[in-house]
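> Task: produce atomic coordinates for the following.
(one chain, ligands or ions: 1)
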Amino acid sequence: MNLNRRKLLSWFGLGWLASMLPSSLIGCSEAQPEASSPIASSESVAAAPSSSFKAIGTIAQLDKEGSLLSADKKVIVIRDPQDAKKVVAVNPTCTHKGCTVQWKSADKAFVCPCHDAEFTASGAVKEGPAKTPLTRYNAKIENGKVLVNA
Ligand code: FES
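Purely as a prediction, here's the structure:
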C-alpha cells in the first residue's frame with residue numbers, strides 16, 4: 001500500500017513537470033520587442049517603411065542651397081560629407097540654449113550663431129559651449145526627393 005502511494009505521488013510529480021515544460025520553453029524563446037532609436041544604420045533606414053518618411057525638399061534644392069531646413073525648423077538636411085550619395089538629417093536646435101544652427105560647408109560643421117558651438121555633420125559636439133549632440137534622424141533620397149523620418 002505504501003509503495004503504491006509512492007508510485008502514485010511520483011507519477012503526479014512527473015505529470016506536473018511534463019505539463020510545465022512546454023510553457024517554460026515558450027517563455028524562454030519569446031522574442032523581445034526592438035527598441036526604437038532616432039539614429040539608425042543605413043540597413044535599418046532601408047528596412048523602415050517609406051510611409052514614416054516625409055519629404056523635406058528636393059535634391060536639386062539641397063544642391064543649390066547647400067542645406068535644407070524644414071518649414072517647421074525641426075530638421076536640417078545636408079549632403080553627407082563622407083558620402084555625397086547620402087544625406088544627413090539632424091535637429092538644428094542647438095543643445096546649448098536653443099538657437100538654430102547653420103551648416104557651414106567650408107568647415108564641414110553645423111555652427112550656432114549665438115555662442116559659436118560647433119557640431120560635426122553627424123551632430124556630435126565639435127566645440128562647446130554645447131555639451132550634447134544634435135539629434136540625428138534617418139534620411140534618404142528617393143525619386144529626387146529628400147525624405148526624413150523625424
Ligand atoms: S545657443 Fe548655441 S551655442 Fe549657445
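> May I have the distance across stretch 100-116, first residue to last?
Using CA to CA, to the nearest Å, one end of stretch 100-116 lies 11 Å from the other.
> what comes up buried for it?
Neighbour-count burial for stretch 100-116, counted by 16 or more other CB atoms under 10 Å, picks out Thr100, Val101, Trp103, Ala109, Phe110, Val111, Cys112. All C-beta spots, glycine's among them, are computed from the backbone N, C-alpha and C.
> any bit of that stretch sitting next to the ligand?
Yes - using CB under 6 Å from any ligand atom, we find that stretch 100-116 touches the ligand at Cys112, Cys114, His115.
> from what I can see the second one touches Thr100, true?
No - with contact taken as CB atoms under 8 Å, Cys114 and Thr100 are classed as non-touching, separated by 9.0 Å.
> joint contacts of these two?
Cys94 (CB atoms under 8 Å, 6 or more residues apart in numbering).
> Quick one: name the residues of this structure near the ligand.
Cys94, His96, Lys97, Gly98, Cys99, Cys112, Cys114, His115, Ala117, Pro129, Ala130.
> With secondary structure and pLDDT added, can I get those residues in a markdown table?
Putting the residues of the chain next to the ligand into a markdown table (DSSP: H, G, I helix; E, B strand; the rest coil; pLDDT from 0 to 100) gives the following:
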| residue | secondary structure | pLDDT |
| --- | --- | --- |
| Cys94 | coil | 97 |
| His96 | coil | 96 |
| Lys97 | coil | 96 |
| Gly98 | coil | 95 |
| Cys99 | coil | 96 |
| Cys112 | coil | 97 |
| Cys114 | coil | 96 |
| His115 | coil | 96 |
| Ala117 | coil | 97 |
| Pro129 | coil | 95 |
| Ala130 | coil | 95 |
